[in-house]
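> Okay, here's the prediction I keep looking at, along with the sequence it came from:
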Amino acid sequence: MTQAAPDREVDARGLNCPLPILRTKKALNDMKTGEVLRVVATDPASQRDFQAFARQTGNALVDQSAANGEFVYLLRRK
(Lines give C-alpha, C1' and ligand atoms only; values in the text may rest on other atoms or scores of the structure.)
Protein backbone atom coordinates (compact mmCIF):
# COMPACT_ATOMS: atom_id res chain seq x y z
CA MET A 1 0.00 0.00 0.00
CA THR A 2 1.47 3.34 -1.04
CA GLN A 3 -1.27 5.54 0.40
CA ALA A 4 -0.42 8.60 2.46
CA ALA A 5 -0.88 8.41 6.21
CA PRO A 6 -4.57 8.59 7.15
CA ASP A 7 -5.91 11.73 8.80
CA ARG A 8 -7.85 9.74 11.38
CA GLU A 9 -8.33 6.14 12.52
CA VAL A 10 -11.22 4.10 13.93
CA ASP A 11 -10.49 0.91 15.84
CA ALA A 12 -13.58 -1.29 15.39
CA ARG A 13 -11.90 -4.56 16.37
CA GLY A 14 -14.22 -6.84 18.32
CA LEU A 15 -17.34 -4.98 17.18
CA ASN A 16 -20.04 -6.58 15.06
CA CYS A 17 -22.40 -5.06 12.53
CA PRO A 18 -23.59 -2.32 12.55
CA LEU A 19 -21.13 -0.79 15.04
CA PRO A 20 -18.08 -0.54 12.69
CA ILE A 21 -20.20 1.36 10.15
CA LEU A 22 -21.78 3.60 12.80
CA ARG A 23 -18.38 4.55 14.23
CA THR A 24 -17.09 5.17 10.70
CA LYS A 25 -20.04 7.41 9.86
CA LYS A 26 -19.53 9.42 13.06
CA ALA A 27 -15.82 9.87 12.36
CA LEU A 28 -16.40 10.90 8.73
CA ASN A 29 -18.95 13.51 9.82
CA ASP A 30 -16.19 15.25 11.80
CA MET A 31 -13.73 15.22 8.90
CA LYS A 32 -13.10 17.61 5.99
CA THR A 33 -13.58 16.78 2.32
CA GLY A 34 -10.66 14.79 0.95
CA GLU A 35 -9.39 13.56 4.32
CA VAL A 36 -8.72 9.83 4.70
CA LEU A 37 -10.07 7.60 7.45
CA ARG A 38 -8.47 4.25 8.29
CA VAL A 39 -10.78 1.66 9.87
CA VAL A 40 -9.62 -1.63 11.40
CA ALA A 41 -12.35 -4.24 11.98
CA THR A 42 -12.52 -7.95 12.80
CA ASP A 43 -16.09 -8.65 11.65
CA PRO A 44 -15.92 -10.61 8.33
CA ALA A 45 -19.27 -9.09 7.31
CA SER A 46 -17.60 -5.67 7.33
CA GLN A 47 -16.16 -6.38 3.87
CA ARG A 48 -19.62 -6.30 2.32
CA ASP A 49 -20.81 -3.55 4.66
CA PHE A 50 -18.02 -1.10 3.80
CA GLN A 51 -18.48 -1.58 0.05
CA ALA A 52 -22.20 -0.86 0.40
CA PHE A 53 -21.53 2.08 2.75
CA ALA A 54 -19.17 3.69 0.23
CA ARG A 55 -21.67 3.28 -2.61
CA GLN A 56 -24.56 4.67 -0.58
CA THR A 57 -22.74 7.65 0.94
CA GLY A 58 -20.46 8.69 -1.92
CA ASN A 59 -17.33 8.41 0.24
CA ALA A 60 -14.56 6.65 -1.69
CA LEU A 61 -13.33 3.26 -0.50
CA VAL A 62 -9.76 3.80 -1.69
CA ASP A 63 -8.27 0.60 -0.29
CA GLN A 64 -9.21 -2.51 1.64
CA SER A 65 -7.11 -5.40 2.83
CA ALA A 66 -7.36 -8.42 5.10
CA ALA A 67 -4.69 -10.18 7.14
CA ASN A 68 -4.65 -12.23 10.33
CA GLY A 69 -8.38 -11.87 10.92
CA GLU A 70 -8.32 -8.08 10.61
CA PHE A 71 -9.87 -6.03 7.84
CA VAL A 72 -8.46 -2.60 7.05
CA TYR A 73 -10.37 0.02 5.08
CA LEU A 74 -9.30 3.43 3.83
CA LEU A 75 -12.13 5.81 3.03
CA ARG A 76 -11.80 9.30 1.54
CA ARG A 77 -14.38 11.80 2.77
CA LYS A 78 -16.54 13.20 -0.01
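On my side now, so go ahead.

> who touches the nearest residue to residue 11 once chain neighbours are set aside in this structure?
What sits nearest to residue 11 in space, not counting adjacent residues and going by C-beta to C-beta, 6 or more residues apart in numbering, is residue 40, at 5.6 Å. All C-beta spots, glycine's among them, are computed from the backbone N, C-alpha and C. Listed by C-beta atoms under 8 Å, 6 or more residues apart in numbering, the contact partners of residue 40 are 9, 10, 11, 12, 13, 70, 71, 72.

> Mind listing the residues bridging to residue 40?
As for beta bridges, residue 40 partners with residue 11, residue 72 under DSSP bridges.

> Which parts of this protein are strands?
Assigned by DSSP state E, the strands in the chain fall at 8-12, 36-41, 60-67, 70-76.

> Kindly reformat the ones you listed as JSON lines containing mean pLDDT and distance to residue 19.
Formatted as JSON lines, these follow (pLDDT from 0 to 100; distance: least, C-beta to C-beta, whole Å):
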{"stretch": "strand 8-12", "mean pLDDT": "98", "distance to residue 19": "7"}
{"stretch": "strand 36-41", "mean pLDDT": "98", "distance to residue 19": "9"}
{"stretch": "strand 60-67", "mean pLDDT": "97", "distance to residue 19": "18"}
{"stretch": "strand 70-76", "mean pLDDT": "98", "distance to residue 19": "14"}
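
> Tabulate these (TSV), appending distance to residue 18.
Listed next are the strands of the chain as TSV, based on distance: least, C-beta to C-beta, whole Å:
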stretch	distance to residue 18
strand 8-12	11
strand 36-41	11
strand 60-67	17
strand 70-76	15
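
> and of these, who's closest to residue 52?
Judged by C-beta to C-beta, the one of the strands of the chain that comes nearest to residue 52 is strand 60-67, at 9.9 Å.

> State the paired neighbours of the closest one in the sheet, together with their directions.
Going by DSSP bridges, the partners of strand 60-67 are strand 70-76 (antiparallel).

> In the strand it pairs with, which residues are buried?
By 16 or more other C-beta atoms under 10 Å, the buried positions in strand 70-76 come out as 71, 72, 73, 74, 75, 76.

> and the residues you listed as a markdown table, adding distance to residue 27?
Shown next, in a markdown table, are those (distance: C-beta to C-beta, whole Å):
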| residue | distance to residue 27 |
| --- | --- |
| 71 | 16 |
| 72 | 15 |
| 73 | 12 |
| 74 | 13 |
| 75 | 9 |
| 76 | 13 |
